[in-house]
Every structure is written in C-alpha cells, then in structure tokens.
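Student: The sequence isn't on hand, but the structure is:
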C-alpha cells in the first residue's frame with residue numbers, strides 16, 4: 001500500500017534521526033529557504049540575537065552596521081553604549097509589538113507620548129532606557145540623539161536584503177494612552193510605574209501574528225525585496241508578571257512565538273525559520289547547552305547552533321568562524337551580551 005509517509009526522508013522519523021546517536025550528531029535540522037551569501041543582512045531581537053549578529057560579522061558576511069561606534073570609544077565599552085549589539089542602536093527588541101513600533105517610528109508614523117523618563121538626575125529614552133550606562137543630561141540631548149538614531153534605523157530597514165529577527169517574549173508593558181510598547185516595565189530602569197497609565201499584556205498568538213503580519217507588510221512596502229529570517233530565543237523568562245510559575249509562563253511564551261514563526265514561514269515564501277530554539281531545548285539534548293542556572297545558553301551551545309547554521313549556509317566556500325567558542329567568565333559574558341531582562345532578577349532578590 002502507498003501513502004505519504006513512504007516518501008518521507010529519514011529526518012521525518014524519530015527512530016531514524018535521534019536514537020543511537022550522540023545529541024551533537026543529530027542532524028538535518030534545517031534546509032535553507034533564504035541564502036545569506038552576497039546579501040546585506042540586518043539583525044534585531046532579544047538577547048540571544050546578539051550571538052547571531054556577532055557570528056555573521058565574524059564569518060565575513062555583509063552585515064549592516066547602520067549606527068557604528070564613534071572612533072574614540074574603546075572597543076570594550078561598545079556594548080555598554082549599545083554599539084555592535086545589532087544593526088542599529090535600538091537595544092533588545094523583545095516583542096513583536098516593539099518591532100512593529102520600531103519600524104513605524106523610523107518612518108515618522110508613530111511618536112510615543114512618553115518621550116522621556118526621569119532617572120538618576122537625568123533622563124532616559126523610554127524605548128531604550130539602558131542604551132547608555134548613565135542617563136542623558138537633558139531632554140534636548142536625548143531628542144537629538146533619538147532623531148539621528150531613527151534615521152539610521154530607517155536606512156537599515158531600507159538597505160537590508162535579509163532581516164534577521166529573534167522572537168523573545170510575549171509579556172509586554174504597554175502605555176494605556178497610545179499603546180506604546182516598552183522594553184521594560186516602567187519604573188525598573190527609569191520613569192515611574194503608574195497603573196492608570198501602564199498596562200501589562202501577555203500577547204496571544206493571534207496578537208503576535210497580527211503584529212508580525214503588519215510588520216512584514218509595512219517593511220515590504222518600504223523595501224519590496226527584503227526577505228525575513230526568524231528564530232525563537234531558547235532563553236527562558238527571567239521573571240513573569242503573570243500569576244503563573246515562571247517556567248510555566250516561559251513555556252507559554254515560547255510556544256506562542258514558535259507557533260507564530262511557523263505560521264509566518266508557511267504563509268510567506270520570503271520568510272525562513274531557523275530552529276535555534278529546538279537545537280538547544282530538545283529533551284535529547286538533556287540540558288547540555290545551559291549554564292548552571294538552567295537559563296543562560298553556554299558559549300558551546302551558541303557555537304553548536306551557529307555551526308549548524310553555517311553548515312547549511314556556508315556551502316559557497318566561505319571560511320567560517322572557528323568553533324567552539326571558548327568558555328567565558330561571568331564578567332566577559334556580561335560584556336558580550338547585554339540583556340535588559342536581567343534587571344528583573346534584582347527585584348526578585350528583593351522579594352520576600
């Protein structure tokens with residue numbers, strides 16, 4: 001008898017893919033739909049996305065840096081000031097709502113009513129409150145730098161031939177006045193939390209899909225040839241604002257994001273999905289790639305993810321980065337990956 005399963009390749013069957021193999025030897029994770037060779041590439045997303053951008057730069061791909069660090073800033077201070085994290089200096093973009101908002105702000109189609117937050121005797125940008133180690137001295141300085149920043153972001157969106165986005169969270173803090181999506185809860189890194197003005201929203205799959213479809217349509221209207229490459233961060237939530245236990249809340253968030261990424265890939269031929277989330281989190285990996293806190297992905301985990309990616313994308317003779325990445329101390333890792341969400345751990349330590 002003939003049926004569809006008879007024509008499926010070995011990678012479609014668990015027994016032919018997983019048992020009897022060391023987890024590092026499990027293959028056939030990814031068949032590229034989008035090629036990176038010879039394309040101008042931009043990145044954005046949650047903390048894990050910083051690893052992707054760094055690997056692309058290291059491999060010599062045409063990586064867009066629309067907002068480079070000034071020459072006088074020492075390299076070791078670049079991340080402290082938000083340089084080199086992504087293709088522009090917007091910091092971590094955790095949610096679909098933030099991403100859509102970023103595109104609209106760059107085009108001058110949206111301006112948040114909360115334009116500045118007071119913090120430590122100065123002011124910070126509510127949409128990137130930790131972009132510099134110290135607050136700005138005045139609202140005028142903040143606004144001048146913001147205008148320049150958004151012009152660079154628009155240039156990035158216009159030039160990108162491949163836009164890489166790592167979906168990180170569904171939990172969002174929104175303005176009740178105009179819907180602005182903040183990267184952090186007001187009051188944690190500037191401003192004051194006001195329950196009448198600031199609302200928590202755990203985005204549903206339908207909301208994330210709607211945000212992303214709007215982003216895709218608006219980006220392609222600006223830049224018709226751009227293709228989109230999605231990943232989902234394998235890093236669990238640091239903290240949740242829901243009533244769920246944090247691991248349960250994290251499972252909801254990652255499940256929603258993974259489902260939407262799959263739907264988008266199925267719906268659009270110009271969207272690709274790379275399974276960094278699955279490579280790190282599958283049960284047969286036995287947590288090998290997590291640090292002792294069971295949350296942070298180790299340098300060797302990042303190296304394995306990127307090795308898998310480059311094996312699929314590097315068939316044109318490009319010299320790829322050396323693997324694996326050496327182990328890093330906590331101080332070195334803090335320099336290399338800047339994650340705003342880590343601030344929430346401080347509040348957890350202070351809780352009863």
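Tutor: Okay, I see it. Since the model is a prediction, treat every value here as computed from it, not as a measurement. Numbering: from 1, shown residues only.

Student: Now for this structure, the helix or strand with the poorest mean pLDDT.
Tutor: For the chain, counting by mean pLDDT, DSSP states H and E, helix 330-336 ranks last in confidence among helices and strands (a mean of 41).

Student: Now the phi/psi pair for the residue nearest the centre of the chain, please.
Tutor: Central residue of the chain (CA atoms, centre = their mean): residue 45, 2.1 Å from the mean position. Dihedral pair for residue 45: phi 140, psi -160, per degrees, to the nearest 10.

Student: Helices of the stretch 101-250 of the chain, start to end?
Tutor: Using DSSP state H, counting those that start in this stretch, the helices of the stretch 101-250 of the chain run over 139-159, 205-222, 246-267.

Student: could I get the ones you listed as JSON lines with mean pLDDT and distance to residue 113?
Tutor: Every C-beta, even on glycine, is put in place using the N, C-alpha and C of the backbone. Below are those laid out as JSON lines (pLDDT from 0 to 100; distance: least, CB to CB, whole Å):
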{"stretch": "helix 139-159", "mean pLDDT": "98", "distance to residue 113": "14"}
{"stretch": "helix 205-222", "mean pLDDT": "98", "distance to residue 113": "20"}
{"stretch": "helix 246-267", "mean pLDDT": "98", "distance to residue 113": "27"}
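
Student: what number of residues lie near residue 7?
Tutor: Neighbourhood size, residue 7 [other CB atoms under 10 Å]: 8.

Student: Tell me who's in contact with it.
Tutor: By CB atoms under 8 Å, 6 or more residues apart in numbering, residue 7 lies in contact with nothing.

Student: in the chain, what spans have low per-residue confidence?
Tutor: 314-338, 340-352 (pLDDT under 70).

Student: Mind doing that once more with 80?
Tutor: 1, 314-352 (pLDDT under 80).

Student: follow-up on the earlier one: across the sheet, point out what pairs with the nearest residue to the residue nearest to the centre of the chain once chain neighbours are set aside.
Tutor: Leaving out its chain neighbours, the residue that sits closest to residue 45 by CB to CB, 6 or more residues apart in numbering is residue 166, at 3.1 Å. Note on residue 166: beta-bridge partners by DSSP bridges are residue 45, residue 231.

Student: list the contacts for residue 166?
Tutor: Contacts of residue 166 by CB under 8 Å, 6+ apart are 43, 44, 45, 46, 48, 49, 52, 230, 231, 232, 233, 276.

Student: let's see it at 10 Å
Tutor: Going by CB atoms under 10 Å, 6 or more residues apart in numbering, residue 166 touches 43-53, 86, 92-94, 229-235, 257, 261, 274, 276-277.
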